[in-house]
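[1] Any chance you can model this:
(2 chains)
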Amino acid sequence: MLNISIYRYDPHVDSKPYMRDYQVDPDKCEGVMLLDALACIKNTQDATLSYRRSCGEGVCGSDGMNINGKNGLACVTPLKDLAGKKIILRPLPGMPIVRDLVVDLTNFFKQYKRVKPFLKNSGAVPAREHLQSPAEREKLDGLYECILCACCSSACPSFWWNPDKFVGPAAALQAARFIQDSRDDDTANRLEELEDAYSIYRCRSILNCADVCPKGLNPGEAISSIRRNMLDDGV
Amino acid sequence: MVGANFKVHTMDLLRDKYMQERPVYLNLIQFKFPITAIVSILHRISGVILLFVIPFFLSQLDTLMHYPQHYSGIRDALLNRPEKKVILLCGLISFVYHFYAGLRHVIMDIGFGEGKCAATISSYVVFALTIITAIIMGISIW
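    Residues are numbered from 1 along each chain as shown, chains lettered A, B, ... in the order given. Predicted structure coming up:
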(Lines give C-alpha, C1' and ligand atoms only; values in the text may rest on other atoms or scores of the structure.)
Protein backbone atom coordinates (compact mmCIF):
# COMPACT_ATOMS: atom_id res chain seq x y z
CA MET A 1 0.00 0.00 0.00
CA LEU A 2 1.09 3.53 -0.73
CA ASN A 3 0.83 6.16 1.98
CA ILE A 4 0.06 9.50 0.40
CA SER A 5 -0.25 12.70 2.38
CA ILE A 6 -1.90 15.52 0.45
CA TYR A 7 -2.14 19.25 1.13
CA ARG A 8 -5.82 20.14 1.33
CA TYR A 9 -7.48 23.53 1.29
CA ASP A 10 -11.00 24.45 0.26
CA PRO A 11 -11.47 28.23 0.64
CA HIS A 12 -15.21 27.80 1.20
CA VAL A 13 -14.81 25.32 4.05
CA ASP A 14 -11.32 25.50 5.57
CA SER A 15 -9.90 28.42 7.48
CA LYS A 16 -6.37 27.16 6.80
CA PRO A 17 -4.67 24.38 4.84
CA TYR A 18 -4.05 20.94 6.37
CA MET A 19 -2.50 17.62 5.35
CA ARG A 20 -4.71 14.59 4.82
CA ASP A 21 -3.45 11.00 4.61
CA TYR A 22 -4.69 8.42 2.11
CA GLN A 23 -3.78 4.80 1.51
CA VAL A 24 -3.74 3.57 -2.07
CA ASP A 25 -3.24 0.08 -3.44
CA PRO A 26 -1.04 0.60 -6.52
CA ASP A 27 -2.47 -2.58 -8.09
CA LYS A 28 -5.89 -0.95 -8.14
CA CYS A 29 -4.65 2.15 -9.96
CA GLU A 30 -5.28 2.32 -13.68
CA GLY A 31 -1.67 3.22 -14.43
CA VAL A 32 1.82 3.26 -12.95
CA MET A 33 2.28 6.99 -12.42
CA LEU A 34 1.59 9.24 -9.45
CA LEU A 35 -1.22 10.93 -11.37
CA ASP A 36 -2.97 7.54 -11.59
CA ALA A 37 -2.79 7.21 -7.80
CA LEU A 38 -4.37 10.68 -7.47
CA ALA A 39 -7.12 9.64 -9.88
CA CYS A 40 -7.63 6.50 -7.81
CA ILE A 41 -8.07 8.60 -4.64
CA LYS A 42 -10.46 10.96 -6.39
CA ASN A 43 -12.52 8.16 -7.92
CA THR A 44 -12.70 5.79 -4.97
CA GLN A 45 -12.00 7.69 -1.74
CA ASP A 46 -12.43 11.44 -1.92
CA ALA A 47 -14.15 13.14 -4.84
CA THR A 48 -13.42 16.58 -3.37
CA LEU A 49 -9.68 16.27 -4.03
CA SER A 50 -8.66 18.88 -6.62
CA TYR A 51 -5.70 18.88 -8.98
CA ARG A 52 -5.09 19.92 -12.57
CA ARG A 53 -4.58 17.34 -15.28
CA SER A 54 -4.99 17.05 -19.00
CA CYS A 55 -2.81 14.92 -21.28
CA GLY A 56 -1.40 12.67 -18.58
CA GLU A 57 1.90 12.15 -20.39
CA GLY A 58 4.15 15.14 -19.67
CA VAL A 59 3.14 17.26 -22.64
CA CYS A 60 0.55 19.73 -21.34
CA GLY A 61 2.29 20.64 -18.06
CA SER A 62 -0.95 20.82 -16.07
CA ASP A 63 -0.14 18.62 -13.09
CA GLY A 64 2.93 20.35 -11.69
CA MET A 65 3.12 19.89 -7.93
CA ASN A 66 5.59 19.57 -5.09
CA ILE A 67 6.36 15.87 -4.70
CA ASN A 68 8.29 14.98 -1.54
CA GLY A 69 9.80 18.47 -1.43
CA LYS A 70 10.71 18.69 -5.11
CA ASN A 71 8.58 20.12 -7.91
CA GLY A 72 7.61 17.77 -10.72
CA LEU A 73 4.83 16.45 -12.90
CA ALA A 74 2.67 13.77 -11.31
CA CYS A 75 2.02 12.17 -14.71
CA VAL A 76 5.68 11.37 -15.39
CA THR A 77 6.60 10.39 -11.81
CA PRO A 78 6.53 6.56 -11.58
CA LEU A 79 4.98 5.16 -8.41
CA LYS A 80 7.76 2.60 -8.17
CA ASP A 81 10.27 5.43 -7.64
CA LEU A 82 8.26 6.55 -4.60
CA ALA A 83 7.60 3.09 -3.17
CA GLY A 84 8.64 2.34 0.39
CA LYS A 85 8.32 5.89 1.68
CA LYS A 86 5.50 8.24 2.50
CA ILE A 87 4.55 10.37 -0.47
CA ILE A 88 3.95 14.00 0.46
CA LEU A 89 2.17 16.13 -2.13
CA ARG A 90 1.89 19.88 -1.83
CA PRO A 91 0.99 22.62 -4.32
CA LEU A 92 3.68 24.46 -6.25
CA PRO A 93 5.45 26.80 -3.80
CA GLY A 94 5.12 30.57 -3.76
CA MET A 95 1.81 30.81 -5.60
CA PRO A 96 -1.68 31.58 -4.21
CA ILE A 97 -3.70 28.42 -3.74
CA VAL A 98 -7.01 28.16 -5.56
CA ARG A 99 -7.85 24.83 -3.96
CA ASP A 100 -5.86 21.77 -2.80
CA LEU A 101 -3.09 21.22 -5.39
CA VAL A 102 -4.38 23.86 -7.80
CA VAL A 103 -2.47 27.15 -7.74
CA ASP A 104 -3.19 30.51 -9.32
CA LEU A 105 -0.79 30.92 -12.25
CA THR A 106 -1.88 34.46 -13.18
CA ASN A 107 1.44 36.07 -12.30
CA PHE A 108 3.38 33.25 -13.97
CA PHE A 109 1.56 33.88 -17.25
CA LYS A 110 1.79 37.65 -16.76
CA GLN A 111 5.57 37.29 -16.81
CA TYR A 112 5.33 34.95 -19.79
CA LYS A 113 3.28 37.55 -21.67
CA ARG A 114 5.81 40.22 -20.74
CA VAL A 115 8.63 38.60 -22.78
CA LYS A 116 6.44 38.62 -25.91
CA PRO A 117 6.69 34.91 -26.66
CA PHE A 118 6.01 35.13 -30.37
CA LEU A 119 8.04 35.68 -33.51
CA LYS A 120 8.55 39.32 -34.49
CA ASN A 121 9.77 39.95 -37.99
CA SER A 122 9.45 43.32 -39.66
CA GLY A 123 10.62 42.08 -43.08
CA ALA A 124 8.42 41.22 -46.03
CA VAL A 125 6.12 38.28 -45.47
CA PRO A 126 7.70 35.34 -47.29
CA ALA A 127 5.72 33.42 -49.92
CA ARG A 128 5.89 30.20 -47.90
CA GLU A 129 7.92 30.42 -44.69
CA HIS A 130 10.93 32.03 -43.02
CA LEU A 131 13.81 29.72 -43.83
CA GLN A 132 16.35 28.66 -41.28
CA SER A 133 19.59 26.70 -41.67
CA PRO A 134 20.04 23.50 -39.63
CA ALA A 135 22.72 25.29 -37.56
CA GLU A 136 20.35 28.19 -36.80
CA ARG A 137 17.60 25.76 -35.90
CA GLU A 138 19.94 23.86 -33.60
CA LYS A 139 20.36 26.97 -31.44
CA LEU A 140 16.73 26.57 -30.35
CA ASP A 141 17.28 23.10 -28.93
CA GLY A 142 16.91 23.18 -25.16
CA LEU A 143 14.79 26.35 -25.41
CA TYR A 144 11.67 25.51 -27.41
CA GLU A 145 10.68 22.33 -25.53
CA CYS A 146 9.28 24.15 -22.46
CA ILE A 147 5.71 23.11 -21.62
CA LEU A 148 5.06 25.95 -19.13
CA CYS A 149 4.32 23.65 -16.20
CA ALA A 150 5.70 26.32 -13.79
CA CYS A 151 7.79 23.76 -11.89
CA CYS A 152 10.93 25.87 -12.44
CA SER A 153 9.58 29.32 -11.61
CA SER A 154 7.87 28.03 -8.46
CA ALA A 155 11.16 26.43 -7.36
CA CYS A 156 13.15 29.64 -7.78
CA PRO A 157 13.85 31.73 -4.65
CA SER A 158 14.38 34.84 -6.77
CA PHE A 159 10.86 34.35 -8.16
CA TRP A 160 9.47 33.73 -4.65
CA TRP A 161 10.81 37.04 -3.39
CA ASN A 162 10.26 39.15 -6.55
CA PRO A 163 7.40 37.53 -8.50
CA ASP A 164 6.36 40.86 -10.01
CA LYS A 165 9.81 42.07 -11.11
CA PHE A 166 11.87 38.97 -11.91
CA VAL A 167 10.43 37.26 -15.01
CA GLY A 168 11.29 33.83 -13.63
CA PRO A 169 13.08 30.90 -15.26
CA ALA A 170 10.20 29.83 -17.54
CA ALA A 171 9.60 33.26 -19.06
CA ALA A 172 13.36 33.87 -19.34
CA LEU A 173 13.72 30.61 -21.23
CA GLN A 174 11.03 31.78 -23.65
CA ALA A 175 12.78 35.15 -24.02
CA ALA A 176 16.03 33.34 -24.87
CA ARG A 177 14.14 31.14 -27.33
CA PHE A 178 13.11 34.18 -29.40
CA ILE A 179 16.37 36.08 -28.90
CA GLN A 180 18.27 33.09 -30.34
CA ASP A 181 15.82 32.62 -33.21
CA SER A 182 17.43 33.70 -36.50
CA ARG A 183 13.98 34.54 -37.92
CA ASP A 184 13.23 37.09 -35.18
CA ASP A 185 14.55 40.62 -35.81
CA ASP A 186 13.41 42.32 -32.60
CA THR A 187 16.42 41.18 -30.57
CA ALA A 188 17.56 44.68 -29.57
CA ASN A 189 14.16 45.60 -28.12
CA ARG A 190 13.82 42.23 -26.39
CA LEU A 191 17.19 42.72 -24.69
CA GLU A 192 16.43 46.32 -23.76
CA GLU A 193 13.20 45.33 -22.07
CA LEU A 194 15.06 42.88 -19.82
CA GLU A 195 18.08 45.02 -18.98
CA ASP A 196 16.95 46.34 -15.56
CA ALA A 197 18.32 45.02 -12.28
CA TYR A 198 15.45 42.59 -11.69
CA SER A 199 14.01 41.11 -14.90
CA ILE A 200 16.78 38.57 -15.43
CA TYR A 201 19.61 39.82 -13.20
CA ARG A 202 17.87 38.47 -10.07
CA CYS A 203 18.96 35.00 -11.17
CA ARG A 204 21.88 33.81 -9.02
CA SER A 205 22.47 30.65 -11.08
CA ILE A 206 21.53 28.29 -8.24
CA LEU A 207 19.89 26.04 -10.86
CA ASN A 208 16.86 24.93 -8.84
CA CYS A 209 15.10 25.39 -12.19
CA ALA A 210 17.28 22.87 -14.01
CA ASP A 211 17.03 20.49 -11.07
CA VAL A 212 13.23 20.28 -11.24
CA CYS A 213 12.53 20.70 -14.98
CA PRO A 214 10.60 17.61 -16.13
CA LYS A 215 11.82 18.17 -19.68
CA GLY A 216 15.49 18.32 -18.65
CA LEU A 217 15.93 21.95 -19.71
CA ASN A 218 18.24 24.48 -18.10
CA PRO A 219 16.64 27.95 -17.82
CA GLY A 220 19.62 29.16 -15.75
CA GLU A 221 21.90 28.60 -18.72
CA ALA A 222 19.39 30.40 -20.98
CA ILE A 223 19.41 33.41 -18.63
CA SER A 224 23.21 33.52 -18.80
CA SER A 225 23.01 33.44 -22.59
CA ILE A 226 20.69 36.48 -22.52
CA ARG A 227 23.16 38.31 -20.27
CA ARG A 228 25.98 37.55 -22.69
CA ASN A 229 23.82 38.75 -25.59
CA MET A 230 23.33 41.99 -23.66
CA LEU A 231 27.09 42.36 -23.29
CA ASP A 232 27.64 41.66 -26.98
CA ASP A 233 24.98 44.17 -27.97
CA GLY A 234 26.23 46.75 -25.48
CA VAL A 235 22.79 47.09 -23.92
CA MET B 1 -15.22 47.68 -26.70
CA VAL B 2 -14.44 50.13 -23.89
CA GLY B 3 -17.09 48.43 -21.79
CA ALA B 4 -15.57 45.02 -22.48
CA ASN B 5 -12.09 46.26 -21.52
CA PHE B 6 -13.43 47.79 -18.33
CA LYS B 7 -15.14 44.52 -17.46
CA VAL B 8 -11.96 42.51 -18.08
CA HIS B 9 -9.91 44.97 -16.02
CA THR B 10 -12.44 44.86 -13.18
CA MET B 11 -12.42 41.07 -13.26
CA ASP B 12 -8.60 41.12 -13.07
CA LEU B 13 -8.67 43.44 -10.05
CA LEU B 14 -11.31 41.35 -8.29
CA ARG B 15 -9.36 38.14 -8.94
CA ASP B 16 -6.12 39.73 -7.73
CA LYS B 17 -7.80 40.94 -4.56
CA TYR B 18 -9.42 37.54 -4.05
CA MET B 19 -6.15 35.72 -4.57
CA GLN B 20 -4.22 37.99 -2.21
CA GLU B 21 -6.23 36.50 0.63
CA ARG B 22 -5.32 32.94 -0.36
CA PRO B 23 -2.65 30.95 1.47
CA VAL B 24 0.68 30.39 -0.26
CA TYR B 25 2.66 27.24 0.35
CA LEU B 26 6.25 28.26 0.98
CA ASN B 27 8.08 26.26 3.61
CA LEU B 28 11.82 26.35 3.02
CA ILE B 29 12.43 23.49 5.46
CA GLN B 30 10.11 21.18 3.55
CA PHE B 31 11.57 22.12 0.16
CA LYS B 32 14.34 19.90 -1.16
CA PHE B 33 17.19 22.05 -2.45
CA PRO B 34 19.90 20.72 -4.81
CA ILE B 35 23.57 21.03 -3.86
CA THR B 36 23.93 23.98 -6.27
CA ALA B 37 21.37 25.91 -4.21
CA ILE B 38 23.00 24.94 -0.91
CA VAL B 39 26.33 26.36 -2.17
CA SER B 40 24.53 29.63 -2.94
CA ILE B 41 22.73 29.82 0.42
CA LEU B 42 25.98 29.14 2.31
CA HIS B 43 27.69 31.76 0.14
CA ARG B 44 25.24 34.32 1.46
CA ILE B 45 25.51 33.13 5.06
CA SER B 46 29.31 33.22 4.91
CA GLY B 47 29.01 36.73 3.45
CA VAL B 48 26.99 37.87 6.46
CA ILE B 49 29.57 36.33 8.82
CA LEU B 50 32.34 38.14 6.93
CA LEU B 51 30.50 41.39 7.52
CA PHE B 52 31.60 41.04 11.14
CA VAL B 53 34.85 39.09 10.70
CA ILE B 54 36.54 41.39 8.17
CA PRO B 55 36.17 44.61 10.22
CA PHE B 56 37.58 42.73 13.22
CA PHE B 57 40.63 41.52 11.28
CA LEU B 58 41.10 44.94 9.71
CA SER B 59 41.06 46.54 13.15
CA GLN B 60 43.71 44.05 14.31
CA LEU B 61 45.76 44.81 11.19
CA ASP B 62 45.40 48.52 11.84
CA THR B 63 46.70 48.05 15.37
CA LEU B 64 49.65 46.07 14.05
CA MET B 65 50.45 48.74 11.45
CA HIS B 66 50.68 51.33 14.20
CA TYR B 67 52.24 49.15 16.90
CA PRO B 68 54.24 46.30 15.28
CA GLN B 69 55.68 45.47 18.68
CA HIS B 70 52.21 44.27 19.78
CA TYR B 71 52.26 41.36 17.31
CA SER B 72 52.97 38.61 19.80
CA GLY B 73 50.46 40.11 22.24
CA ILE B 74 47.66 40.17 19.65
CA ARG B 75 48.52 36.66 18.48
CA ASP B 76 48.42 35.34 22.05
CA ALA B 77 45.14 37.16 22.71
CA LEU B 78 43.61 35.49 19.66
CA LEU B 79 44.97 32.02 20.28
CA ASN B 80 45.36 31.62 24.03
CA ARG B 81 42.14 29.62 24.53
CA PRO B 82 40.65 26.71 22.53
CA GLU B 83 37.26 28.40 22.14
CA LYS B 84 38.97 31.49 20.69
CA LYS B 85 40.79 29.24 18.23
CA VAL B 86 37.45 27.70 17.18
CA ILE B 87 35.88 31.14 16.63
CA LEU B 88 38.94 32.27 14.67
CA LEU B 89 38.82 29.10 12.57
CA CYS B 90 35.09 29.61 11.85
CA GLY B 91 35.81 33.13 10.65
CA LEU B 92 38.63 31.93 8.42
CA ILE B 93 36.52 29.06 7.04
CA SER B 94 33.79 31.59 6.18
CA PHE B 95 36.35 33.67 4.36
CA VAL B 96 37.81 30.72 2.45
CA TYR B 97 34.36 29.31 1.58
CA HIS B 98 33.14 32.71 0.42
CA PHE B 99 36.24 33.03 -1.75
CA TYR B 100 35.89 29.61 -3.42
CA ALA B 101 32.11 29.91 -3.93
CA GLY B 102 32.59 33.43 -5.30
CA LEU B 103 35.25 32.19 -7.69
CA ARG B 104 32.85 29.48 -8.88
CA HIS B 105 30.16 32.10 -9.38
CA VAL B 106 32.48 34.32 -11.43
CA ILE B 107 33.57 31.38 -13.59
CA MET B 108 29.90 30.52 -14.22
CA ASP B 109 29.15 34.15 -15.04
CA ILE B 110 31.92 34.06 -17.67
CA GLY B 111 30.09 31.14 -19.24
CA PHE B 112 31.83 28.01 -17.98
CA GLY B 113 30.24 25.16 -16.03
CA GLU B 114 26.64 26.35 -16.31
CA GLY B 115 25.27 22.91 -17.15
CA LYS B 116 23.50 21.02 -14.38
CA CYS B 117 26.17 18.34 -14.20
CA ALA B 118 29.13 20.75 -14.28
CA ALA B 119 27.49 23.05 -11.70
CA THR B 120 26.91 20.08 -9.38
CA ILE B 121 30.52 18.95 -9.71
CA SER B 122 31.85 22.48 -9.10
CA SER B 123 29.66 22.67 -5.98
CA TYR B 124 31.30 19.54 -4.58
CA VAL B 125 34.70 20.96 -5.55
CA VAL B 126 33.94 24.14 -3.53
CA PHE B 127 33.07 22.02 -0.48
CA ALA B 128 36.11 19.76 -0.92
CA LEU B 129 38.51 22.71 -1.27
CA THR B 130 36.98 24.40 1.78
CA ILE B 131 37.36 21.24 3.88
CA ILE B 132 40.98 20.73 2.78
CA THR B 133 41.85 24.38 3.47
CA ALA B 134 40.02 24.24 6.82
CA ILE B 135 42.09 21.21 7.86
CA ILE B 136 45.34 22.97 6.88
CA MET B 137 44.29 26.12 8.75
CA GLY B 138 43.21 24.09 11.76
CA ILE B 139 46.57 22.35 11.93
CA SER B 140 48.38 25.71 11.59
CA ILE B 141 46.32 27.33 14.37
CA TRP B 142 46.75 24.42 16.77
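[2] Next to chain A in this structure, residues from chain B, please.
    Contact residues (C-beta under 8 Å from any C-beta of the partner chain) of chain B with chain A: B:15-16, B:19-20, B:22-27, B:30-34, B:36-37, B:39-40, B:105, B:108-109, B:111, B:114-116, B:119. Using the backbone N, CA and C atoms, a C-beta is placed for each residue, glycine as well.
[3] check contacts around residue B:129.
    Contact partners of residue B:129, counting by C-beta atoms under 8 Å, 6 or more residues apart in numbering or on different chains, are B:96, B:100.
[4] Find the helix or strand that it is a member of.
    Taking DSSP states H and E as the definition, one finds residue B:129 inside helix B:116-141.
[5] For that helix, which residues meet the burial criterion?
    By 16 or more other C-beta atoms under 10 Å in any protein chain shown, the buried positions in helix B:116-141 come out as B:116, B:119, B:120, B:122, B:123, B:126, B:127, B:129, B:130, B:133, B:134, B:137.
[6] I'd assumed residue B:104 was in contact with the fourth one.
    Yes: counting by C-beta atoms under 8 Å, a contact exists between residue B:122 and residue B:104, whose distance comes to 5.1 Å.
[7] what is in contact with the two at once?
    residue B:113.
[8] Quick check: phi and psi on residue A:163?
    phi -70, psi -20 (degrees, to the nearest 10).
[9] From chain B, how far off is it?
    Shown here: residue A:163 relative to chain B, a distance of 10 Å by C-beta to the nearest C-beta, to the nearest Å.
[10] Can you report how many residues neighbour that residue?
    Using other C-beta atoms under 10 Å in any protein chain shown, the number of residues around residue A:163 comes to 19.
[11] Kindly report the same for the one 10 residues further on.
    By other C-beta under 10 Å, the residues close to residue A:173 number 32.
[12] Pull the contacting residues for it.
    A:143, A:146, A:152, A:217, A:219, A:222, A:223.
[13] What of residue A:212?
    So residue A:212 contacts A:70, A:71, A:72, A:151, A:152, A:155 (C-beta under 8 Å, 6+ apart).
[14] so the second one sits in a strand?
    Looking back up the chat, that one is residue A:71. Yes: applying DSSP: H, G, I helix; E, B strand; the rest coil, one finds residue A:71 inside a strand.
[15] does it really touch residue A:65, like I thought?
    Yes: counting by C-beta under 8 Å, residue A:65 is a contact partner of residue A:71 at 7.2 Å.
[16] quick one: the helices in chain B?
    B:2-20, B:35-66, B:71-79, B:82-110, B:116-141 (DSSP state H).
[17] Dump those to TSV, plus mean pLDDT and distance to residue A:124.
    TSV is the format used below for the helices of chain B (pLDDT from 0 to 100; distance: least, C-beta to C-beta, whole Å):
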stretch	mean pLDDT	distance to residue A:124
helix B:2-20	68	33
helix B:35-66	94	46
helix B:71-79	86	75
helix B:82-110	94	40
helix B:116-141	96	41
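[18] Just the pLDDT for the residue in chain A that chain B sits nearest to.
    For chain A, the residue closest to chain B is residue A:69, as judged by C-beta to the nearest C-beta, at 3.4 Å. Listed pLDDT for residue A:69 reads 96.
[19] Distance check, it against residue B:36.
    16 Å (C-beta to C-beta, to the nearest Å).
[20] low-scoring pLDDT stretches of chain A, where are they?
    For chain A, the stretches with pLDDT under 70 are A:235.
[21] That one - how does it break down into domains?
    A:2-103, A:106-120+A:131-233 (automatic domain parsing).
[22] How many residues are close by residue B:68?
    When neighbours are counted by other C-beta under 10 Å, residue B:68 comes out with 8.
[23] ugh, wrong one, I meant residue A:227
    Residue A:227 has 18 nearby residues by other C-beta under 10 Å.
[24] And the one 4 residues further on, by the same measure?
    By other C-beta under 10 Å, the residues close to residue A:231 number 9.
[25] how much space between it and residue B:109?
    10 Å.
[26] What of residue A:70?
    According to C-beta to C-beta, residue A:70 and residue B:109 sit 26 Å apart.
[27] out of those two, which sits in the busier spot?
    Using other C-beta under 10 Å as the criterion, residue A:70 and residue B:109 rank with residue A:70 on top: 16 against 13.
[28] If that one is in a bridge, with which residues?
    Counting by DSSP bridges, residue A:70 forms beta bridges with residue A:67.
[29] so which strand or helix has residue A:209?
    helix A:208-212.
[30] residue contacts, the residue of chain B found nearest chain A?
    Using C-beta to the nearest C-beta, the single residue of chain B nearest to chain A is residue B:32, 3.4 Å away. Contacts for residue B:32 (C-beta under 8 Å, 6+ apart) come out as A:68, A:69, A:70.
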